[in-house]
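**Q** Pasting the sequence and the predicted coordinates here, then a few questions.
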Amino acid sequence: MIKTLTLAIVGVVTLSACAGAPVEDTGANTDVVIPPELVNLAAPNQDISTARMLPEDRCYWYEHRGRVETTLLPVMTRNGRRICLPAQT
């Protein structure tokens, strides 16, 4: 009886680890206007409709929606460079 109960508890704990994690809403700002230059520079297969410039590095980032979580990734050019604005003086 105790062995069965222990196995049941272990099974429930193990299976609960398989449950999908909730996708965090990163608060994409739908009011952001994507500059045409960004569209022309960006490599394909990036969702630049979610792109935004982060003030801390002045680079453009987009939301990559994976199976488990949504992650911000840098917008890259076709030759693999990040797209950033010049440093402020």
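**A** All right, it came through fine.
**Q** Please enumerate the helices of the chain.
**A** Counting by DSSP state H, one finds helices in the chain at the ranges 2-16, 36-41.
**Q** Need the mean per-residue confidence for the shortest one.
**A** Computed over helix 36-41, the mean pLDDT rounds to 89.
**Q** Tell me how many other residues crowd Pro36.
**A** For Pro36, the tally of surrounding residues (other C-beta atoms under 10 Å) stands at 8. Just so you know, the C-beta spots here come from the backbone N, C-alpha and C atoms, and that holds for glycine as well.
**Q** Equivalent analysis for Pro74, please.
**A** 16.
**Q** swap in the one 5 residues further on?
**A** As a burial measure, Asn79 scores 7 neighbours (other C-beta under 10 Å).
**Q** do you know how far the residue lying closest to Arg58 once chain neighbours are set aside is from Asn45?
**A** Spatial nearest neighbour of Arg58, chain neighbours left out: Leu85 (4.4 Å); criterion: C-beta to C-beta, 6 or more residues apart in numbering. Counting by C-beta to C-beta, to the nearest Å, the separation of Leu85 from Asn45 is 23 Å.
**Q** between these two, which one's more packed in?
**A** Comparing Leu85 with Asn45 by other C-beta under 10 Å, the one with more neighbours is Leu85, at 12 against 6.
**Q** For Ala43, see how far away the residue nearest to Arg58 is.
**A** 18 Å.
**Q** Same check on Pro86?
**A** For Pro86, the distance to Ala43 - C-beta to C-beta - is 21 Å.
**Q** what about those two, which has more around it?
**A** More neighbours surround Ala43 than the other of Pro86 and Ala43, with 14 against 6 (other C-beta under 10 Å).
**Q** State the distance from the residue nearest to that one when sequence neighbours are not counted to Leu41.
**A** Spatial nearest neighbour of Ala43, excluding adjacent residues (C-beta to C-beta, 6+ apart): Arg78 at 4.6 Å. Applying C-beta to C-beta, the value for Arg78 to Leu41 is 8 Å.
**Q** Thanks a lot, see you next time.
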